[in-house]
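What would the 3D arrangement of this be:
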Amino acid sequence: MFQATPRGSRRLTISLAATGALFLTTVVAAAPASGATESTENTDVCESFRAAGDNFAEYCIGEEAANDVAATNTIPGIDEIASTANIRQIANIPKFGGFASEGAYDSDLAFQGNYVFAGNYEGFNVFDVSNPSSPQVVSQVVCSGSQGDPSVIGNLLFFAVDQPRTNDSCSSSVGSVTQESSWEGVRIFDISDKANPRYIKSVRTDCGSHTQTLVPSKDGKSVYVYVQSYGPSASAFYCKTPHDKISIIKVPLDNPTSAAVVATPVLFPGTTGANSTSGCHDITAYPELDLAAGACMGDGVLFDISNRENPVILSQVRDTNFAFWHSATFNNAGNKVVFTDELGGGSSAICTSSYRTNQGADAIYDIVGSGADRKLVFKSYFKIPRLNTTLENCVAHNGSLIPAMGRDIMVQAWYQGGISVIDFTDSANPVEIAYWERGPLSDTRRILGGAWSTYYHNGYIYSNDIQKGLDVLKLDDPRTNNARAISFAELNVQTQPSYPACTTVLRNRQNGGLDITSGITCLDGVTVNGATKVAPGAGLIAFNSTLNGSVTATGASVVSIVESKVNGSVDAIGGTVRDSAVTGSVKTS
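A predicted model of the protein is given here:
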């Protein structure tokens, strides 16, 4: 039964004035959490992770076959940073308050305006990133329950709990899967006051909620929460075998406390699913295209979600090279999917010479065909080319698209393998164009750490590091800088939004005016010597450009002028002019 959280009972709220001491670039190592082991030669490293209640220990590979002594000579030292020249850290907020211990793992991220919502196994933080180089702590909500993935829509935040609790309150303790009274599932918070999020509803789901994905309804009046979970057992009260399904919660936006499970579609009936498939780890929805990509343990799956309460499998693939299908990312066109393989459950050192270059990697698939005949077709693997020590957990993990003009580029977390920026425009030949990583957390024991989720949002890269807290990075590269022309008011990476796709990308001087009659023309560092006219239905995106003449757009599909100069007026109802200088009048509303 839901119990409202008494104000202040387990919620820690930190005022803006109290945050000055938190903005450090390095931190002292935190003390081991309860259940974490100190270094001994005979210690089973998996034992350190069992208290987390996640899949780390279940898939943990205890010891690798080689020490990779030669590799360690090229790896940064403890707390040292290595990176390409085109990416740098501009801010870090170490873990603090109720999340300071080693066992309080930072997890996923969600975004709304200038706010970042950072999940943790013990609750979530709210940060104000109006100035990305100096994030401010708005609040910390302590409300324990592995693994703490957050998603936001409007005034609501959804928080995934994948650990049996004695009840649904924030003051609960760890419960037992065998007890009917135990609770796990999704908590719902009202975040209309970011400084004081308010717990308003809980929804129990079978096997809890390891991850969750928001899918807006067609009429915009409700949001569906696709709940992914797994790990059934005969002794569990709410998580019995078989569990080849997801849970779907419907949340009326004008009455969120009436949220309830409305469907539990069985995705892998009979023997359809792979032997290891007992649910899905993660599903990324692309609502605008009525598509979803599921990383379902032993299967990669493409769904039609035109009926939100009844996902239909379009294509299902398996790969003997993949150990555990973990997450998925579409490209903007919705004709490619990048799946990740969480070999070792995230706790193992997979980025060593003991493993092949395509183990614990990404797999890139094209989506071919149309309608009900769409299929996933394998194109290539990608894995970071650097080696780690055997004390660093590393594997492909959560990432997001960077909305670069005319290219498919994503940034991705690799735990202690760091952060990688990958161009997969040619899906058969992905290329890393930037990376940033810390050295190992210890030279004596394997501490679970590194970048859990690394996402691009409105010009910056935000990364939630399991042990080091929130990192903010700036990518400065001619292939990606133009992505700053695209911004989102709200971003849940597993609810993938679309952005205007460039039909034509111009990078050269235009000696004369520009007449855009169809498609979307994107300008990247262009000088246009003359007036720019955009026809109804056509579009203009200008970044770092100089328009020597007026801009006129009536009924355009999109007009976005960012970090540019217009020597003339702008008449573009519904358009955006941001961080730009305009000598004439501006009419966008």
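
The residue nearest the centre of the chain: what's its closest spatial neighbour, skipping adjacent residues?
With distances taken as CA atoms, centre = their mean, residue 493 lies nearest the centre of the chain, 4.7 Å away. Using CB to CB, 6 or more residues apart in numbering and skipping residues adjacent in sequence, the residue nearest residue 493 is residue 400, 4.5 Å away. (Each C-beta comes from the backbone N, C-alpha and C, glycine too.)

which ones are touching the one you found?
With CB atoms under 8 Å, 6 or more residues apart in numbering as the criterion, the residues that contact residue 400 are 329, 410-411, 454-457, 491, 493.

Repeat the analysis, applying 6 Å as the threshold.
Residues in contact with residue 400 (CB atoms under 6 Å, 6 or more residues apart in numbering) are 455-456, 493.

Angles on the backbone of it, please.
phi -150, psi 160 (degrees, to the nearest 10).

How about residue 371?
phi 50, psi -140.

Near it, how many other residues are there?
Counted by other CB atoms under 10 Å, the residues lying close to residue 371 total 7.

what does the model give it for pLDDT?
At residue 371, the model reports a pLDDT of 96.

For residue 427, see how far away it is.
Using CB to CB, to the nearest Å, residue 371 is found at 21 Å from residue 427.

Please report how far the residue nearest to residue 519 when sequence neighbours are not counted lies from residue 288.
Closest residue to residue 519 apart from its sequence neighbours, by CB to CB, 6+ apart: residue 503 at 3.0 Å. Per CB to CB, residue 503 is found 18 Å from residue 288.

same question, residue 468
35 Å.

Neighbour count: the two, which is higher?
Shown here are residue 468 and residue 288; by other CB under 10 Å, residue 468 has more neighbours (22 against 11).

What's the separation between that one and residue 461?
15 Å.

Wait, the residue nearest to the centre of the chain touches residue 455, no?
Yes. Checked against CB atoms under 6 Å, the pair residue 493 and residue 455 is within contact range at 5.3 Å.

Need the distance between the two termini of stretch 402-414.
In terms of CA to CA, to the nearest Å, the two terminal residues of stretch 402-414 are separated by 17 Å.

can you pull the buried residues of it?
402-405, 407-414 (16 or more other CB atoms under 10 Å).

and for that stretch, what are the contacting residues?
So stretch 402-414 is contacted by 329, 331, 384, 394, 397-399, 401, 420-425, 451-454, 456, 461, 480, 482-483, 486, 499, 502, 505, 522, 524 (CB under 6 Å, 6+ apart).

and what of stretch 313-333?
For stretch 313-333, using CB under 6 Å, 6+ apart, the contacting residues are 274, 281-282, 284, 286, 293, 295-297, 299-302, 304, 337-343, 358, 374-376, 398, 408, 410, 496, 501.

Put the buried members of these into a ChimeraX selection.
Listed next is the ChimeraX selection for buried residues among these, using 16+ other CB under 10 Å:
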select :274,281,282,284,286,293,295,296,297,299,300,301,302,304,337,338,339,340,341,342,343,358,374,376,398,408,410,496,501
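
about what we covered before: would you list the buried entries among the contacts of stretch 402-414?
The buried subset of these - by 16+ other CB under 10 Å - is 329, 331, 384, 394, 397-399, 401, 420-424, 451-454, 456, 461, 480, 482-483, 486, 499, 502, 505, 522, 524.

Of the buried residues of stretch 402-414, which pair is most distant in space?
Of all pairs drawn from the buried residues of stretch 402-414, the one with the longest distance (CB to CB) is 405 and 414, at 25.9 Å.

returning to what we had before: taking the contacts of stretch 402-414 one by one, which sit in helices?
Judged by DSSP state H, the subset of the contacts of stretch 402-414 located in helices is empty.

In strands, which of those residues appear?
Among the contacts of stretch 402-414, the residues falling in strands (DSSP state E) are 329, 399, 401, 420-423, 451-454, 456, 461, 505, 522, 524.

any idea which of the residues you listed is closest to residue 226?
When these are compared against residue 226 (criterion: CB to CB), the nearest one is residue 329, at 16.0 Å.

from what I can see residue 530 touches residue 512, true?
Yes. Using CB under 6 Å, residue 530 is in contact with residue 512, at 4.8 Å.
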